[in-house]
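**Student:** model the following, please.
(one chain, ligands or ions: 1)
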Amino acid sequence: MTKTIGFIGLGNMGQAILKGMLTNGFTTANQVIVSRRNPEALVQIEEKFGVETTTDNRVVAKQADLLILAVKPNIYVSIMQEIRDYVKDDVIIVHIAAGISIATIETAFARPIKVARAMPNTPAMVGQAMTGLCFNDALNADDKKMVADLFASLGKVEIIDETLIDAVIGVSGSSPAILYMVIEAVADGAVKAGMPRQQAYQFAAQAMLGSAKMVLETGEHPGQLKDAVCSPGGTTIEMVTKAEEKGLRASILASVDAAITKSIQLTQK
Ligand SMILES: NC(=O)c1ccc[n+]([C@@H]2O[C@H](COP(=O)([O-])OP(=O)(O)OC[C@H]3O[C@@H](n4cnc5c(N)ncnc54)[C@H](OP(=O)(O)O)[C@@H]3O)[C@@H](O)[C@H]2O)c1
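**Tutor:** Residues are numbered from 1 along each chain as shown. Just a heads-up that it's a prediction; the model follows:
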């Protein structure tokens with residue numbers, strides 16, 4: 001890859017993406033330029049990743065062939081107003097914010113522009129992201145492949161229709177938060193029974209990782225896998241009964257639905 005990759009904003013998600021793309025050889029540090037406002041944070045970023053940094057977003061906009069906007073959604077529009085006269089003609093804007101449509105980006109640039117909309121998640125930090133990706137019509141096949149390769153360097157990527165982006169936010173963008181809560185609660189159960197806390201996290205997290213791999217690698221229905229663990233009259237069916245009594249599935253479904261609803265509301269603002 002000989003293209004210059006620009007980041008405007010480099011917080012949690014931006015760093016996860018940068019780390020993934022450098023670790024997996026999508027690009028090299030000397031082809032990346034980053035801007036954010038905090039100069040001390042930029043020094044740390046230079047030391048950690050070896051990339052060029054600046055506090056001037058327009059410098060990044062001028063140099064980038066692929067420009068990743070990794071700021072919070074509420075400042076997207078002002079950032080686009082700041083940079084729109086400086087970006088290269090054929091730049092690809094990669095946008096990762098919840099609640100901002102491709103159409104909003106096109107309107108903000110006020111001219112035809114290549115836009116890729118991605119919804120990754122923070123497991124990108126360990127090469128296990130799940131990313132939903134869509135494009136506007138301005139990207140050609142090579143452009144699309146380049147952006148898909150970028151996100152493939154962070155984990156798994158699926159090309160989706162933009163109408164599914166809110167569902168992606170619920171199912172993988174935001175869901176790690178509640179999956180961590182599940183790990184925490186499962187570990188609490190073991191701590192209650194006397195297991196040291198760190199050991200309990202190890203057991204609970206590995207159980208979740210193994211269960212996820214079972215779903216992905218066997219292709220079996222999650223319900224079938226659950227049934228296979230439940231011996232008649234055994235401990236697991238007791239656990240499942242209590243989880244149903246306490247509304248585990250309904251509460252998780254409602255939580256995912258809440259994230260999706262919020263994403264739709266943000267987009268309509
Ligand atoms: N976190 C997730 O799991 C996740 C998942 C999918 C998508 N996203 C999306 O990723 C985006 C970033 O989220 P995040 O969690 O990484 O946020 P974050 O950690 O708060 O990072 C935001 C970054 O923006 C920078 N910034 C703020 N104002 C700026 C400005 N005027 N010019 C340049 N840089 C500026 C901040 O640095 P300074 O303060 O130094 O300027 C910081 O580096 C959001 O749009 C979010 O919707 C997040």
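
**Student:** list, one by one, the residues from the stretch 1-150 of the chain near the ligand.
**Tutor:** Residues of the stretch 1-150 of the chain lying close to the ligand (Cβ under 6 Å from any ligand atom) are 8-14, 35-38, 41, 57, 70-73, 75, 96-98, 119-122. (C-beta placed from N, C-alpha, C; glycine too.)

**Student:** quick one, which of those are buried?
**Tutor:** The neighbour count (16 or more other Cβ atoms under 10 Å) marks 8-10, 13-14, 35-36, 57, 70-71, 73, 96-98, 119-122 as buried among these.

**Student:** phi first, then psi, for residue 135.
**Tutor:** When read as degrees, to the nearest 10, the backbone of residue 135 gives phi -140, psi 160.

**Student:** pretty sure it sits against residue 146.
**Tutor:** No. Assessed by Cβ atoms under 8 Å, residue 135 is found out of contact with residue 146, at 11.1 Å.

**Student:** all strands of the stretch 51-200 of the chain, in order?
**Tutor:** 52-54, 66-69, 92-95, 114-119, 129-135, 155-159 (DSSP state E, counting those that start in this stretch).

**Student:** I'd like the mean pLDDT over the fifth one, please.
**Tutor:** Averaging pLDDT along strand 129-135 gives 98.

**Student:** what of stretch 47-54?
**Tutor:** Stretch 47-54 carries an average pLDDT of 97.

**Student:** over to stretch 91-106?
**Tutor:** Rounded mean pLDDT across stretch 91-106 is 94.

**Student:** in that stretch, what's buried?
**Tutor:** 91-102, 104-106.

**Student:** go on, stretch 204-218?
**Tutor:** Neighbour counts over stretch 204-218 (16+ other Cβ under 10 Å) mark 204-205 as buried.

**Student:** coming back round to it: and of the buried residues of stretch 91-106, the nearest to residue 51?
**Tutor:** Ranked by distance to residue 51 (Cβ to Cβ), the buried residues of stretch 91-106 are led by residue 94 at 16.3 Å.

**Student:** next up, the contacts around the closest one.
**Tutor:** 66-69, 116, 118, 147, 150 (Cβ atoms under 8 Å, 6 or more residues apart in numbering).

**Student:** what do you get if the cut-off is 10 Å, keeping everything else the same?
**Tutor:** Each residue near residue 94 by Cβ atoms under 10 Å, 6 or more residues apart in numbering is listed here: 5-7, 17, 64, 66-70, 114-118, 133, 147, 150-151.

**Student:** got the strands of the stretch 51-200 of the chain as TSV, with distance to residue 256 columns?
**Tutor:** Output for the strands of the stretch 51-200 of the chain, formatted as TSV (distance: least, Cβ to Cβ, whole Å):
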stretch	distance to residue 256
strand 52-54	37
strand 66-69	26
strand 92-95	23
strand 114-119	14
strand 129-135	14
strand 155-159	17
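
**Student:** so which of those strands is nearest residue 249?
**Tutor:** Residue 249 lies closest to strand 129-135 among the strands of the stretch 51-200 of the chain, at 20.7 Å (Cβ to Cβ).

**Student:** now the angle from that closest one to strand 155-159?
**Tutor:** Angle of strand 129-135 versus strand 155-159, following axes from the mean of the first three to the mean of the last three Cα atoms, to 10 degrees, is 30 degrees.

**Student:** OK, contacts around the closest residue to the ligand within the chain?
**Tutor:** Relative to the ligand, the nearest point of the chain is residue 11 (1.9 Å; Cβ to the nearest ligand atom). By Cβ under 10 Å, 6+ apart, residue 11 lies in contact with 36, 41, 70-72.
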